[in-house]
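> what's the 3D shape of this:
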Amino acid sequence: MHKVLIIIPTLNEVENINTIIHQVFDVDNNYHILIVDDHSTDGTIAKVQALQQLYSQLFLEIRTKNKGLGKAYIHGFLWALKRDYNYIIEMDADFSHNPKDLPRLVSTCQQGYDVVIGSRYINNKINVINWDFKRLMLSYFASKYVKIITGMPFFDTTAGFICYHKNVLKTINLNEIRFTGYAFQIEMKFKAWLHQFNIKEIPIIFTDRTKGTSKLDSSIISEAIFGVINMKIKGLTKK
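Model prediction:
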């Protein structure tokens, strides 16, 4: 079994999926990719199925219920654990995460870290391209807010480009993860931090999508902001 699995959740990403898969395998064809698709209707599924004829290391799971980013990743995590992957990576399909950064995430994890975060805001430097000022400030100060409320020592608490060692995903009760949007990323980091896993941030350059439609909306933003308070109120601070 190959050690590294990259989970890419998709919902109508036909404009990006072909290229992102090719570029990941161009970086390292020993990687495995799992596409977790929330029943796309734009041809994304057919594109992936066609590429499966070229790449034996490409896998596809199609979900028809319990949709959402967090649920897609949980589905992928459980799939990965059943197949005993050592390193499991979260990655977007829209090129906001550069495939060329994948080896740095993996190699840092292999140096003894349990979670490696590809950070947009490390050491308070902003490495984001093509976001408008309003969205950038919202994301930046949301991460600041989460850091203050939770006490986590990380700069980019809402980051979605992450490498997990399998032991983290085995330890966290994935069935108790409640949030589905940006708050999912916060909750996963918080759980890992509470379990005292060794967590490292490394700098990346985040580039906003140029093709396809963003799935970000006000409800996802609200979940990220108010979900942190709910974690306290509802007892999600428990491991």
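
> most distant residue from the middle of the protein?
residue 53 (26.0 Å; CA atoms, centre = their mean).

> would it count as being in a helix?
No. Residue 53: not assigned to a helix; according to DSSP: H, G, I helix; E, B strand; the rest coil it is coil.

> check contacts around it.
With contact set as CB atoms under 8 Å, 6 or more residues apart in numbering, residue 53 has no partners. Backbone N, C-alpha and C define where each C-beta goes, glycine included.

> measure it to residue 79 for me?
Between residue 53 and residue 79 the computed distance is 21 Å (CB to CB, to the nearest Å).

> Next SSE downstream of the helix ranked longest in the chain?
Looking across the chain with DSSP state H, the single longest helix is helix 133-150. Per DSSP states H and E, helix 133-150 leads on to strand 162-165 as the next helix or strand towards the C-terminus.

> Identify the residues contacting the helix or strand following that following strand?
Once the chain leaves strand 162-165, the next helix or strand it forms, by DSSP H and E, is helix 166-171. The set of residues external to helix 166-171 that reach it, using CB under 8 Å, 6+ apart, is 77, 80-81, 84-88, 114-115, 192, 195, 197.

> With pLDDT and secondary structure added, can I get these in CSV?
Formatted as CSV, the contacts of helix 166-171 follow (pLDDT from 0 to 100; DSSP: H, G, I helix; E, B strand; the rest coil):
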residue, pLDDT, secondary structure
77, 98, helix
80, 98, helix
81, 97, helix
84, 94, coil
85, 97, coil
86, 97, coil
87, 98, strand
88, 98, strand
114, 98, coil
115, 98, strand
192, 95, helix
195, 93, coil
197, 97, coil
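
> In PyMOL, how would I select the buried members of those residues?
The buried subset of the contacts of helix 166-171, as determined by 16 or more other CB atoms under 10 Å, is captured in PyMOL by this line:
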select buried, resi 77+80+85+86+87+88+114+115+192+197
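
> Can you add distance to residue 97 and give the contacts of helix 166-171 back as CSV?
Output for those, formatted as CSV (distance: CB to CB, whole Å):
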residue, distance to residue 97
77, 18
80, 18
81, 22
84, 25
85, 18
86, 20
87, 15
88, 15
114, 20
115, 16
192, 19
195, 25
197, 21
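
> Among the contacts of helix 166-171, which one sits closest to residue 131?
Nearest to residue 131 out of the contacts of helix 166-171 is residue 115 (CB to CB; 24.8 Å).

> Around the nearest residue to that closest one once chain neighbours are set aside, how many other residues sit close by?
In this structure, residue 115 finds its nearest non-sequential neighbour in residue 199, 4.4 Å apart by CB to CB, 6 or more residues apart in numbering. Using other CB atoms under 10 Å, residue 199 has 18 neighbouring residues.

> Next: residue 165.
22.

> isn't it right next to residue 109, touching?
Yes. Here residue 165 reaches residue 109: they are 5.9 Å apart, a contact under CB atoms under 8 Å.
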